[in-house]
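Novice: Sequence first, then the predicted structure, then my questions.
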Amino acid sequence: MIACNIASLAQRVLALTLVVASATCLAGSSDIADPTREAIRGRIAEFLAVHTRGLPGRVGLTIGHVDERLQLAPCSALEVFLPPGVRLWGKSRLGVKCLVSPGWTLYVPVHVRIHGSYLVAARSLAAGQVVHEDDLGYREGDLSELPASTTLDPAQAVGRTLAYGLGPGQVLRKELLREAVAVQQGQNVRVFARGQGFTVSNEGRALNSATVGQLVQVRLANGQLASGPAQGVGAVELRY
């Protein structure tokens, strides 16, 4: 009986020893993972610094936390990548891959804020109206919270026509802008042809409407048909 009790006690001590050892291993894994998490955040910071260069305005970056529940093996070769279909604008995420065995992949949330100027309507603007510089106003804000097509540069708007009307302060978006029509169908136009050292001009009637650079068919005064790109309001360069 005494021998059995001793054997039973020995088994319980052995089991307790194994539990303690197991707990120590888990604690060790957590300790090892901390430097790995710091390395992950460091590599993400480097990736963001490189890939947000050239963005308009002042860039602010926030890196989310790596899930503490993940048991990450230490890794000497980390690769940060942008998942397909994801862009570094507003709330996003980056992938991190361990390139050495046993290998693992995880995703970390990031927030890219871009504080800068954008264009709004300075006054009520009607559909079909040609945009002039004094029609535009500027606002400051986080560009990442605005539509991706928000217009930032007045050169993208001045001289174009509005597809829809805008109220004062409304954001000017690229899809609302159309190239201004330089030549209207049926309009009398000035046509010219250039050669080395000379320019010949004539008059004709446009057979279609076109913006600058688009092809216009012209019937000349003698009835001949010619075509060429619109060069400006009521002007066509002939190409035979």
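Specialist: That came through fine. Residues are numbered from 1 along each chain as shown.
Novice: what about the helices in the protein?
Specialist: Taking DSSP state H, the helices of the chain run over residues 2-51.
Novice: so where's it shaky on pLDDT?
Specialist: For the chain, applying pLDDT under 70 flags the ranges 1-34, 239-240.
Novice: Pull out the buried positions in the lengthiest strand in it.
Specialist: Ranked by number of residues, the top strand in the chain under DSSP state E is strand 104-121. Under the neighbour-count criterion of 16 or more other Cβ atoms under 10 Å, strand 104-121 has Val108, Val110, Val112, Arg113, Ile114, Gly116, Tyr118, Leu119, Val120, Ala121 buried. (C-beta placed from N, C-alpha, C; glycine too.)
Novice: shouldn't the first one be in contact with Arg37?
Specialist: No. Judged on Cβ atoms under 8 Å, Val108 makes no contact with Arg37 at a distance of 9.7 Å.
Novice: shared neighbours, the two?
Specialist: Val66 (Cβ atoms under 8 Å, 6 or more residues apart in numbering).
Novice: Residues contacting stretch 151-159, please?
Specialist: Outside stretch 151-159, the residues touching it (Cβ under 8 Å, 6+ apart) are 56, 116-119, 130-133, 136, 143, 171-174, 177, 180.
Novice: how about a cut-off of 10 Å?
Specialist: 56-57, 116-121, 130-136, 138, 143, 146, 160, 171-177, 179-180, 212 (Cβ atoms under 10 Å, 6 or more residues apart in numbering).
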